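1. Predicted model follows, preceded by the sequence.
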Amino acid sequence: MPDALYLSTAIGLPYLGALVAALLPSNARNLEAWLAGGVALLCLVMVWLCYPAVASGEVVRFEIPWAPDLGLNLVLRMDGLASVFAAMVAGIGFLVVLYARYYMSQDDPIPRFFAFLLAFMGSMMGLVLSGNLIQLVFFWELTSLFSFLLIGYWQHAAPARDGARMALTVTSAGGLALFAGMLLLGHIVGSYDLDRVLAAGDVIRAHPLYLPALILILLGALTKSAQFPFHFWLPHAMAAPTPVSAYLHSATLVKAGIFLMVRLWPVLAGTEAWFWIVGTSGLITLLLGAYVAIFQHDLKALLAYSTISHLGLITLLLGLNSELAMVAAIFHTMNHATFKASLFMAAGIIDHETGTRDIRRLSGLNETMPFTARLALVAAAAMAGVPLLNGFISKEMFFTEALTASTTPSLLHSILPAAATIAGIFAVTYSLRFIHGAFFGPDTGDLPRQPHEPPQWMRVPVEVLVFGCMVVGILPAATIGPFLDVAVRSVLGDATPEYSLAVWHGFNLPLVMSLIALAGGALLYRLLQRHLNAGVDGTPLLRGLDGRRIFDLTMVFLSWRFARTLERLLGTSGLQMQLRLLVCAAFLAAALALLPYGLSPGGVALTDADPVVALMWLVGAACAIGAAYQAKYHRLAALILLGGAGLVTCLTFVWFSAPDLALTQLLVEVVTTVLLLLGLRWLPRRDENAGAGDLLARLRRYRDFAIAVAAGAGLTALSYATMTRASPEGISRAFLERAYTEGGGTNVVNVILVDFRGFDTLGEITVLGIVALTVFALLRRFRPATESIGVPDQQRGEARDWLAIPAVIMRLLFPVICVTAIFLLLRGHDLPGGGFVAGLMMSVAVLLQYMAGGTRWVEDHLRVHPLRWMGLGLLLAAGTGMGAIVVGRPFLTSYFAYADLGWLGRLPVASAMLFDIGVFTLVFGATVLMLIAIAHQSVRSQRAAPPAMAALEGDD
Amino acid sequence: MELILALSIGVLGGSGVWLLMRPRTFQLIIGLSLLAYAVNLFIFSMGRFPVGAPPVLEPGTAGDPAHFADPLPQALVLTAIVIGFATTALFLVVMLASRGLTGGDHVDGKGRDR
């Protein structure tokens, strides 16, 4: 099990550290650095502890099942390749932390920096140690996200924000493509597990979906690794603090794309498509990056373009479909990480100590910073490929591969040696420019700060890295050899070719190419001296090709013009139009679904038509059409007609053996009508002459009428077709059989509500409660229109006494209705009734008092506390459910028994009854709350300074 | 009998849809209510029409689906009725608030009769 511990620590610890780092005080620079450095070092130790097993060819795995049925498990997996990358992430991470301690100034918010850095480190660790494709994509996106936060760390600076946004847009767009590609890959293989994917190379390459999957995955990899044509984001990411650049843009983030391509190389590479996409992109990036780097005046921009170029070199090697090229690619990845990180740090030191990074201003720093100059010199020499340094060896391997590949008869293959040499020349030129421009020449002395050597510990990381460059360069086989071998073997397995890591391979063609590159580079730098000294901005020949401008134009087009045009063409802010579209869409959806089957009536024998039902529905239909017709001008009439349709519906329920429904429908009908009546008072008077209708309006109405008729006809056809078919065997049988035997009630509908589907009911009453609270909240800020504030005619003069006798009866009915409600509640489990019905009935009792006595009178005499009722109801219902947990059953399991009450008889006691009481309490509270809230408005708006809804607020 | 109910559902639904597309808030409320009746009846009709079938079991027995009304659509419709009531109430209050804020009762808060 220690493996599991090592792996999960390597991923989890950085995140934990990030949390702690975020919470430390903002001036704790040393503490932060100790914490972050400690975390990085511990991660390195974890990788080292796994290394013995990995070195013996084993794959260290640790799996946490998450959703095994979907093939989604958290799989931590370390093989040779992963361990080398993880060591790079943790090791260079440690050095960067040490460097950052001295680089970051007192004024920078340090906790944020180290928290992001550690979180990024954790994401990188997760990425390289993922054993599951989906998990890999997840961490991939996390690296995009945290790199965004790190690049935009100096959020007050516009370039930092723009650079961060551009990096995020490009890399996460690539990440989306990668996700799609991984899904395709998982579909092809039938599993997202990396081991199974890696074992299925032949299946993948032969699959018809291979090309789409390849293109999508490469989109992800190439955007992340800043390969042409997606390279433009990397230079703009240089707005990040230099430690971030040294970490993200040399060793980690941009290497994620390389890592992915290496990881999937055994299963995706080896085809024409792979060569053309990866090879071409790599070649163009190699040359373009190197060429542009020469003409940069900013030290960091120069390094950024050289990074692009080197990534292009690695990509090209991967694209060559040769095992030896793969060895060279992994090797160069390691070498590039060391020398480029040290160069970034050197550039940061120069910036830190002189106040500028502009090569045109810098000069002669060799005098004032001799030690830094030596270090940078060695690192730059490694970058240029000078013998006895690590860059030389991998570059020799690259030249060899370029020569080998050129034997293949194709244009791209045959130009490779020439292209490689030219790229080598460019690399020497920009390396010379970096060193010569910054450290040599006269000491002009007009720098923003007086330059001097940095603090000793700020230089240590650079020293360590440069030392690494030299040792690897002189003794490659003895130092890096075993690690490289383990990494290569984990990728290539038995196909690992013979290769030799040696400084001297005899006087051969690659060596000649190296010498040409060195000499040519020096010559080119000499020739370009005058042009460079002139200090012209921009790259000759490529001025028009500004990645940033193209990106900006694209973004403006997509997010502004395109979106606006779409909105103008397809959007509408009118509710009528939206609803019309919605209705049409619903109609079309139903029609399309029915298309294969048709809508013919089924074969079941029809039941005889009952004239009573026919007559009833004649009235009902007339009511519905009348309501539709009258709703515009005669609201009250429409409301009454609506009630008519509702009553007929209610009678239908009675007719077809659904007493519970009938009861509920009846009561809801009453409450709804009263609610709407209360609302009518606030609506504007209707001017019947307004909008008599021009031709256009009439046409619109005809169209709507056609839609409505079509919808109605569709509903009729659909219902008829359904009703004339036998109903399928559903779950009703189970409910009917178990309602009494297991639920202890004879009213099956009620047992379903409070027992079988109790959880649904709990959700439903919660919704009801929320709606009531929303109504209450909305009405607290209610401002009626000025014209409807006055007392309406109906409440003035003798009209007030019209309801005198009914009012007396209503008052007398209050206790009667309450008792009936309780009766319905208690018998609900066995006979029609139950919590919903009882709650509604109880609220009708209160409602009648409002109608009889007026709002003021009721508020003076009766104080209902709806909020308390609601809270109590919810607590009771949920508490009943919890009770089951206490006795070790699942939530909402019900219990029932018969209690013997002596001469009173046997009383059925079910926990479901308690639940039903909760439902009752809540339904009552919610309904009354809504009614009171609306009714109260008429009192409130007439007061001069309304003490907002005093009656209700007395509750809280 | 099936035809009567199918026609009723169609008329209720058609009237509701017509009102949904009208410009006044009150028309919308009435329309939604009518549509709710139609949909409730439609769901209810999934249990077919057992005239005279008892809805309540004899104590102590397991029910046989052949002799009883189908309880499942009933339970579904019961919840639908209550939620429909809540929606109507909420919509009514939104309508009142919109009326107070815009001074009119057009669904978009502005514009003339259409």
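-> Good, I have the coordinates.
2. so what's the residue nearest the centre of chain B scoring on pLDDT?
-> In chain B, the residue lying closest to the centroid (C-alpha atoms, centre = their mean) is B:Ala36, at 1.7 Å. pLDDT, B:Ala36: 94.
3. ok, the nearest residue to B:Met95 once chain neighbours are set aside - contacts?
-> Among residues not flanking B:Met95 along the chain, B:Thr25 sits closest, at 4.2 Å (C-beta to C-beta, 6 or more residues apart in numbering or on different chains). Every C-beta, even on glycine, is put in place using the N, C-alpha and C of the backbone. B:Thr25 makes contact with A:Leu683, B:Met95, B:Ser98, B:Arg99, B:Asp105, B:His106, B:Val107, according to C-beta atoms under 8 Å, 6 or more residues apart in numbering or on different chains.
4. Please repeat the previous calculation with a cut-off of 10 Å.
-> A:575, A:679, A:683, B:91-92, B:94-96, B:98-99, B:104-109 (C-beta atoms under 10 Å, 6 or more residues apart in numbering or on different chains).
5. cool, and B:Gly16?
-> Shown in contact with B:Gly16 (C-beta under 10 Å, 6+ apart): A:583, A:624, A:627-628, A:645, A:708, A:711-712, A:715, B:28, B:30-39.
6. Touching, A:Val612 and A:Trp655? I think so.
-> Yes. The pair A:Val612 / A:Trp655 is scored as a contact, 8.1 Å apart, by C-beta atoms under 10 Å.
7. Between these two, which has more neighbouring residues?
-> A:Trp655 (17 against 10; other C-beta atoms under 10 Å in any protein chain shown).
8. how about the longest helix belonging to chain B: buried residues?
-> Longest helix in chain B by number of residues (criterion: DSSP state H): helix B:71-102. By 16 or more other C-beta atoms under 10 Å in any protein chain shown, the buried positions in helix B:71-102 come out as B:71-82, B:84-93, B:95-100.
9. What score does the spatially closest residue to A:Gly839 that is not a sequence neighbour have for pLDDT?
-> In space, A:Gly839 comes closest to A:Val923 once its chain neighbours are excluded; the distance is 2.8 Å by C-beta to C-beta, 6+ apart. Looking at A:Val923, its pLDDT stands at 94.
10. Please apply the same query to the one 4 residues further on.
-> The predicted local confidence for A:Thr927 comes out at a pLDDT of 93.
11. So it: helix, strand or coil?
-> Under DSSP: H, G, I helix; E, B strand; the rest coil, A:Thr927 falls in the helix class.
12. Quickly note the distance from the closest residue to B:Gly109 other than its chain neighbours to A:Ala638.
-> Leaving out its chain neighbours, the residue that sits closest to B:Gly109 by C-beta to C-beta, 6+ apart is B:Thr102, at 4.1 Å. Distance from B:Thr102 to A:Ala638, counting by C-beta to C-beta, to the nearest Å: 22 Å.
13. List the buried residues of stretch A:852-869.
-> A:Ala852, A:Gly853, A:Gly854, A:Thr855, A:Val858, A:Glu859, A:Val864, A:His865, A:Pro866, A:Leu867, A:Trp869.
14. That stretch near chain B at all?
-> No. If you take C-beta under 10 Å from any C-beta of the partner chain as the test, stretch A:852-869 misses chain B, and the best it gets is 13.1 Å.
15. Return that stretch as CSV; C-alpha atoms alone will do.
-> Output of stretch A:852-869 as CSV, limited to C-alpha atoms (Å, rounded to 0.1, in the frame of the first residue of the first chain):
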residue,chain,number,x,y,z
ALA,A,852,-66.8,37.8,5.2
GLY,A,853,-65.1,40.3,7.5
GLY,A,854,-62.6,42.1,5.3
THR,A,855,-58.9,42.1,5.7
ARG,A,856,-58.8,44.5,8.7
TRP,A,857,-61.4,42.7,10.7
VAL,A,858,-59.7,39.3,10.3
GLU,A,859,-56.2,40.7,11.1
ASP,A,860,-57.7,42.2,14.3
HIS,A,861,-59.4,39.0,15.4
LEU,A,862,-57.4,36.1,14.1
ARG,A,863,-53.6,35.8,14.0
VAL,A,864,-52.4,33.0,11.8
HIS,A,865,-48.7,32.4,11.8
PRO,A,866,-48.2,30.9,8.4
LEU,A,867,-44.4,30.9,8.6
ARG,A,868,-44.5,28.8,11.8
TRP,A,869,-47.0,26.4,10.3
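16. confidence score at the residue nearest to B:Met95?
-> Per-residue pLDDT puts B:Thr25 at 88.
17. Distance of it relative to B:Gly109?
-> For B:Thr25, the distance to B:Gly109 equals 10 Å [C-beta to C-beta].
18. okay, and the common contacts of those two?
-> With C-beta under 10 Å, 6+ apart, B:Thr25 and B:Gly109 have common neighbours A:Leu575, B:Ser98, B:Arg99.
19. And the residue of the stretch 251-400 of chain A closest to chain B?
-> In the stretch 251-400 of chain A, the residue that lies nearest chain B is A:Leu253 (48.7 Å; C-beta to the nearest C-beta).
20. Please look at that residue and A:Ser225 and confirm they touch.
-> Yes. Between A:Leu253 and A:Ser225 there is a contact under C-beta under 10 Å: 8.9 Å.
21. what residues are shared contacts of those two?
-> A:Thr171, A:Leu234.
22. So for the residue of the stretch 801-950 of chain A found nearest chain B, what's the pLDDT?
-> Residue nearest to chain B within the stretch 801-950 of chain A: A:Met930 (4.8 Å; C-beta to the nearest C-beta). Looking at A:Met930, its pLDDT stands at 90.
23. Does it touch B:Leu96 like I think?
-> No. Look at A:Met930 against B:Leu96 with C-beta under 10 Å: they stay out of range, at 11.9 Å.
24. which neighbours do these two share?
-> A:Leu678, A:Val775, A:Leu779.
25. which SSE is the second one in?
-> Take DSSP states H and E as the rule and A:Val775 turns out to sit in helix A:758-780.
26. hmm, that helix touching chain B?
-> Yes. Using C-beta under 10 Å from any C-beta, helix A:758-780 reaches chain B at A:760-761, A:763-765, A:767-772, A:774-779.
27. Going by neighbour count, which of those are buried?
-> Of those, these count as buried by 16+ other C-beta under 10 Å: A:Thr761, A:Glu764, A:Ile765, A:Val767, A:Leu768, A:Gly769, A:Val771, A:Ala772, A:Thr774, A:Val775, A:Phe776, A:Leu779.
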